[in-house]
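Trainee: sequence first, predicted model second:
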Amino acid sequence: MNLKKEKRNALVTGGVTGIGLEVVKELKKEGCLVIANYPPHMKDTAFKVKEHYDVDIAEFDASDYEAVEKAINTITNQYGDIDILVNNAGITKDSFLHKMKIDEWTDVLRINLDSVFNCCRVMLPNMRKNQFGRIINISSVNALKGQVGQTNYCASKAAIIGFTKALALENASKGVTVNAIAPGYVNTDMVKKIDSSILETQILTQIPMNRLAKTIEIASLIRHLIKDESAYLTGQTISINGGMYFN
Ligand code: CAA
């Protein structure tokens, strides 16, 4: 039985900035009860988002399994089960591998990849029980094409694609779809961190549309994927990259 609900509960990790915040806004427009997760060091930003967009926020470190489990127990007691999970939390710590520090490797893998395991592991049992779930994992164009200075990031984002396919198979008969999005370079703080001369000479020159993506161009696809009517779409990695790379 597919549980048809008036209002779906959605949780977006890293939901108070960048792509995550845009997803939160779109899912709210779609009629979901949306909870924007944020890590402890983003408290100030999170409270501004809560006030400005009138959304619920939840502080937890998505890379810490016990923190996720504790937070989700509290959230489900208050709001009910989570129906839609957008695994968006992610960081970059770019460096050539021969100069990369061990924590630049482990931090990126923990936050970008372990967080996806943690959130899925904690929230899936209820999705399976309810015979409904939508999981969207944010990967990257750089998982598909590689990028100088990003062995850590590319490894984490490519792992997400394999994870997505395996999890889609495991849950295909349970009403739970699992998909990945591979955005190109999006106009967010993460991309603005890149040295402007590198951005202009090495990145923009590789993008046929000659511009960065707008966050809404990513979030509007996610709004489509979470619909009840998107039930037959699973296991896919969907690229949105201005023509930068065709997979
Ligand atoms: N390809 C090959 N070699 C390159 C290169 C390139 N693109 N760019 C520089 N090099 C070479 C240089 O010529 C230099 O060679 P020598 O040592 O022989 O002189 C060497 O590499 C070191 O160059 P730098 O001193 O410039 O290296 P650095 O350590 O200061 O910076 C870097 C390296 C951090 C990778 C920097 O180039 C950079 O920030 N690049 C952009 C990385 C990027 O695109 N990140 C994406 C972030 S956004 C994101 O990830 C979101 C998403 O999903 C798309």
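Mentor: Received the coordinates, thanks.

Trainee: state the distance from the spatially most central residue of the chain to the ligand.
Mentor: Centroid check for the chain by C-alpha atoms, centre = their mean gives Asn88 as the closest residue, at 1.9 Å. Counting by C-beta to the nearest ligand atom, to the nearest Å, the separation of Asn88 from the ligand is 11 Å. (Each C-beta comes from the backbone N, C-alpha and C, glycine too.)

Trainee: confidence score at that residue?
Mentor: On pLDDT, Asn88 comes in at 98.

Trainee: begin at 32 from now on, thanks
Mentor: Right, with 32 as the first residue, what we last looked at is Asn119.

Trainee: I'd guessed it sits against Gly46; true?
Mentor: Yes - applying C-beta atoms under 8 Å, one finds Asn119 in contact with Gly46, separated by 6.8 Å.

Trainee: residues contacting Asp138?
Mentor: Ile122, Lys124 (C-beta atoms under 8 Å, 6 or more residues apart in numbering).

Trainee: can you report phi and psi for it?
Mentor: phi -60, psi -40 (degrees, to the nearest 10).

Trainee: the residue nearest to the centre of the chain: what's it in contact with?
Mentor: Val43, Thr44, Gly45, Gly46, Ile50, Gly51, Val54, Ile169.

Trainee: neighbour-wise, give me the winner out of those.
Mentor: Val43 (33 neighbours; other C-beta atoms under 10 Å).

Trainee: is the closest residue to that residue other than its chain neighbours in a helix, a strand, or coil?
Mentor: Among residues not flanking Val43 along the chain, Val117 sits closest, at 4.4 Å (C-beta to C-beta, 6 or more residues apart in numbering). The local conformation at Val117, judged by DSSP: H, G, I helix; E, B strand; the rest coil, is strand.

Trainee: about what we covered before: what is in contact with Asn119 and Gly46 at once?
Mentor: Counting by C-beta under 8 Å, 6+ apart, the residues touching both Asn119 and Gly46 are Val54.

Trainee: could I get the full set of strands for the chain?
Mentor: 40-43, 64-69, 87-90, 115-118, 164-169, 207-214, 268-271 (DSSP state E).

Trainee: now for the residue nearest to Val43: which residues touch it?
Mentor: With C-beta under 8 Å, 6+ apart, Val117 has these contacts: Ala41, Leu42, Val43, Thr44, Gly46, Gly51, Val54, Leu58, Ile166, Ile167, Ile169, Ile253.
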